[in-house]
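In: give the three-dimensional model of this entry:
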Amino acid sequence: MSRIRPLAPELVNQIAAGEVVERPASVVKELVENSLDAGARRVEIDLEDGGARLIRVRDDGAGIGAEDLPLALAAHATSKIATLADLERVATLGFRGEALASIASVSRFRLVSRERGAELAWRVDAEHGRAMAPQPAQHPPGTTVEVRDLFHNVPARRKFLRSERTEFGHIDEWIKTIALAQPRVEFRLSHNGKPVRLLRPALDEAGWRARLAEVLGEAFVAGSLRVAHAAAGLRLSGWVGLPTASRAQADQQYFYVNGRPVRDRVVAHAVRQAYADVLFHGRHPAYALFLELAAEAVDVNVHPAKAEVRFRESRLVHDFLFRTLEEALAQTRAGAAPSPAARPPAPGGEWPRQAQAGLALGVREAHAAYAALLGATADTGAASGVEWKDGNVDNAAAPDAGMPPLGHALAQLGGVYVLAENAHGLVLVDMHAAHERIVYEKLKAAQAGDGIPTQPLLVPLTLAVSEREAACAEEHADTLAALGFDLARAGPQSLIVRRCPALLESADVGALVREVLADLAAHGQSRRVAEARNELLATMACHGAVRAHRRLTVPEMNALLREMEATERSGQCNHGRPTWVQVSLAELDRMFLRGR
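Out: Purely as a prediction, here's the structure:
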């Protein structure tokens, strides 16, 4: 090997470009972020050949003075941080100062800028990373950056670029991503001289919904819940898609931390757990969520492209996200608005008691059978909050206050579906799926009320584990005990399990313990026990729900509708399938060509 020597500045910048400039979309990202940090309210992006031939970003931001232009192209020169304390509480999208130098080293580069209030604009050109002397130029207040012939001097990198369409698609997707986080900024995107996208500023709720529809589609806006919650110094806002509006792939998942789009395992795990009880197998939720917290509580300097972050209190963030989203999704009662203010009345409230009296549906017998298994009282009527009695209630006994959200039952179709009329038109209910959710939520509530019953193992189980897993079991002994496990360390790499949750005694206890320990090590908590318990309760609820082809009376159908309105997550069955659909009068009119 040759002797150690310092690298030439041009080579240093090209090596840095390998981290910063992956493709044209990386250049657009860095330049647009600089525009936003400069306070721009309008950003225009012009592209040619997918960005490989030309990337031009023009803004109306604060601009750069003539004396600062050469420094703008110097490596690690920035106006955004000055001390280590600034690095620990970064509030801008960019901050390290290596982007422009890296981009200029692999392109033909021009920067033109004029400060607000300045009489003259200034221009600086760079070739192979070498900046020329600033020259006077004409330009409105703001900045324009031109990047031509990207990777022209690094052919090995240029040959890895994909097709023009693919590269443009990456840029378009990133523009949509950042546009959600910057609603007050106008974005204009053109390609090969043709306007492609215009995102106007969102100055009110209507503008916000228009931008959301532009990025995620009208279907997402129509099938999403508004989320806004703050606690423990954290604030979460945005939109989450309803479980019935899930997607086959995870292509509409946008998460932002202090305005920065990020990918994070803690966030992904919390969202996945929040949807676990309502999402159909193999489906993915759609969401656009914005987390705000103190700048010093998150480290944004852990990834070259700043696409990942590290939270100081990751467990706090995980719990906050999970609880907030779980509560929001729990309010998706059938026929009810998702906001807490619009929750339907509980049984025995505004709706008359006689409307609930006919909920026989076989649940009484099912609850009695499962009560012995769960150690619950056999008085299932009292436990469920339903007054069990036979009666023949006239369907006309409707509340004077108005039509219930799911309306009044009309008939039963095919022994499977309940047809009802509400204020909007026709409601169709899958009676087995709906009743399955009702029974499931009651079983979960009964279990939660009594805690987790435990069962001693007839023969204690000895598990061979790693030293890390054994240490994790000792560290989280209290958490494991709360989950229903009695564990003791028997050696450096072994554990003894003496007790487990009673409902799961027939499960693979060893595998479950290992999964719980893995969750505790990664996230500081685990929901494996709750998930396994819920899976068992869901199976029990499925067998206890009213079966298809059972004939119901009108009072029984009405009682089912009222229970749906009062049950959390009743818009989906235990497997994530929808329990009801609404067909409006306008849709029926279109079907029958009325008024044409």
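In: quick check: Pro155 vs Leu161, distance?
Out: Note on Pro155: its distance to Leu161, by Cβ to Cβ, to the nearest Å, is 11 Å. From N, CA and C alone the C-beta is placed, and that goes for glycine too.
In: what is in contact with the two at once?
Out: Residues touching both Pro155 and Leu161 by Cβ atoms under 8 Å, 6 or more residues apart in numbering: none at all.
In: longest strand of the protein?
Out: Determined from DSSP state E, the single longest strand within the chain is strand 454-464.
In: picking that back up, give me the more crowded residue out of Pro155 and Leu161.
Out: Legend: neighbour count by other Cβ atoms under 10 Å for Pro155 and Leu161, higher for Leu161 (18 against 8).
In: assumed that one was part of a helix.
Out: No - counting by DSSP: H, G, I helix; E, B strand; the rest coil, Leu161 is not part of a helix but coil.
In: residue contacts, it?
Out: Shown in contact with Leu161 (Cβ under 8 Å, 6+ apart): 23-24, 50, 52, 151, 167.
In: backbone dihedrals for it, please?
Out: Note on Leu161: backbone dihedrals following degrees, to the nearest 10 are phi -70, psi 140.
In: now it: how far from Asp149?
Out: For Leu161, the distance to Asp149 (Cβ to Cβ) stands at 12 Å.
In: between those two, which contacts overlap?
Out: Ala52.
In: the stretch 101-250 of the chain: strands as residue ranges?
Out: For the stretch 101-250 of the chain, the strands defined by DSSP state E, counting those that start in this stretch cover 108-114, 121-127, 130-131, 135-137, 142-148, 186-191, 194-199, 224-231, 234-241.
In: I should have written the stretch 251-400 of the chain there, sorry.
Out: Using DSSP E, counting those that start in this stretch, the strands of the stretch 251-400 of the chain run over 253-257, 260-261, 287-292, 298-299, 310-311.
In: which of these sits closest to Asn192?
Out: For the strands of the stretch 251-400 of the chain, the distance to Asn192 is smallest for strand 260-261, at 26.4 Å, taking Cβ to Cβ.
In: before we move on, the earlier item: how about the strands of the stretch 251-400 of the chain in JSON lines, adding distance to Ala434?
Out: Shown next, in JSON lines, are those (distance: least, Cβ to Cβ, whole Å):
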{"stretch": "strand 253-257", "distance to Ala434": "29"}
{"stretch": "strand 260-261", "distance to Ala434": "38"}
{"stretch": "strand 287-292", "distance to Ala434": "26"}
{"stretch": "strand 298-299", "distance to Ala434": "42"}
{"stretch": "strand 310-311", "distance to Ala434": "39"}
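In: and of these, who's closest to Val554?
Out: Proximity to Val554 (Cβ to Cβ) singles out strand 287-292 among the strands of the stretch 251-400 of the chain, at 39.8 Å.
In: so that closest one versus strand 224-231, what angle?
Out: Relative orientation of strand 287-292 versus strand 224-231 (axes from the mean of the first three to the mean of the last three Cα atoms, to 10 degrees): 20 degrees.
In: against which helices or strands is strand 287-292 packed?
Out: Judged by 3 or more Cβ pairs under 8 Å, 6 or more residues apart in numbering; DSSP states H and E, strand 287-292 is in contact with helix 205-216, strand 234-241, strand 253-257, helix 265-274.
In: Glu146 contacts Arg56, doesn't it?
Out: Yes - in this structure, Glu146 is within contact of Arg56 by Cβ atoms under 8 Å, at 5.0 Å.
In: once you drop chain neighbours, what's closest to Leu520?
Out: Counting by Cβ to Cβ, 6 or more residues apart in numbering, His476 is the residue found nearest to Leu520 once chain neighbours are left out, at 4.8 Å.
In: now Gly595
Out: Of all residues not flanking Gly595 in the chain, Asp589 sits nearest, at 6.2 Å (Cβ to Cβ, 6+ apart).
In: what about that neighbour, which helix or strand?
Out: Using DSSP states H and E, Asp589 sits in helix 585-591.
In: ok, which stretches of the stretch 401-550 of the chain are helices?
Out: Here the stretch 401-550 of the chain has its helices, by DSSP state H, counting those that start in this stretch, at 431-450, 467-475, 477-482, 509-523, 528-544.
In: can you tell me which of those has the worst average pLDDT?
Out: Mean pLDDT values for those show the minimum at helix 528-544, a mean of 66.
In: mind giving me the packing neighbours of the next helix or strand after it?
Out: Downstream of helix 528-544, the first helix or strand assigned by DSSP H and E is helix 554-566. Here helix 554-566 touches strand 408-413, strand 417-422, strand 425-430, helix 431-450, going by 3+ Cβ pairs under 8 Å, 6+ apart.
In: hmm, 7 Å instead?
Out: With contacts taken as 3 or more Cβ pairs under 7 Å, 6 or more residues apart in numbering; DSSP states H and E, helix 554-566 sits against strand 408-413, strand 417-422, helix 431-450.
In: what's the closest of these to Asp251?
Out: So among these, helix 431-450 is nearest, using Cβ to Cβ, at 27.3 Å.
In: helices and strands around that closest one, which ones?
Out: Counting contacts by 3+ Cβ pairs under 7 Å, 6+ apart, helix 431-450 packs against helix 363-374, helix 528-544, helix 554-566.
In: distance between it and the chain's centre?
Out: Put simply, helix 431-450 sits 26 Å off its chain's centre (Cα atoms, centre = their mean, to the nearest Å).
In: check stretch 480-489 too.
Out: Using Cα atoms, centre = their mean, the mean C-alpha position of stretch 480-489 is found 32 Å from that of the whole chain.
In: just give the closest residue to Leu189, not the sequence neighbours.
Out: Arg197 (4.2 Å).
In: might you report the residue contacts of the one you found?
Out: Applying Cβ atoms under 7 Å, 6 or more residues apart in numbering to Arg197 gives the contacts 172, 175, 189.
In: follow-up on the earlier one: can you give me the buried ones in the longest strand of the chain?
Out: Applying a neighbour-count criterion of 16 or more other Cβ atoms under 10 Å, the buried positions in strand 454-464 are 454, 463.
In: next, count neighbours for Leu84.
Out: 7.
In: pLDDT wise, what is it at?
Out: If you check Leu84, the pLDDT there is 80.
In: can you check the pLDDT for the closest residue to Phe151 other than its chain neighbours?
Out: Closest residue to Phe151 apart from its sequence neighbours, by Cβ to Cβ, 6+ apart: Arg158 at 3.7 Å. Note for Arg158: predicted pLDDT of 87.
In: same question for Ala559.
Out: Listed pLDDT for Ala559 reads 91.
In: least confident secondary structure element in the chain?
Out: Least confident helix or strand, the chain: helix 380-384 with a mean of 34, by mean pLDDT, DSSP states H and E.
In: which residues of the stretch 101-250 of the chain score low on pLDDT?
Out: Within the stretch 101-250 of the chain, no range satisfies pLDDT under 70.
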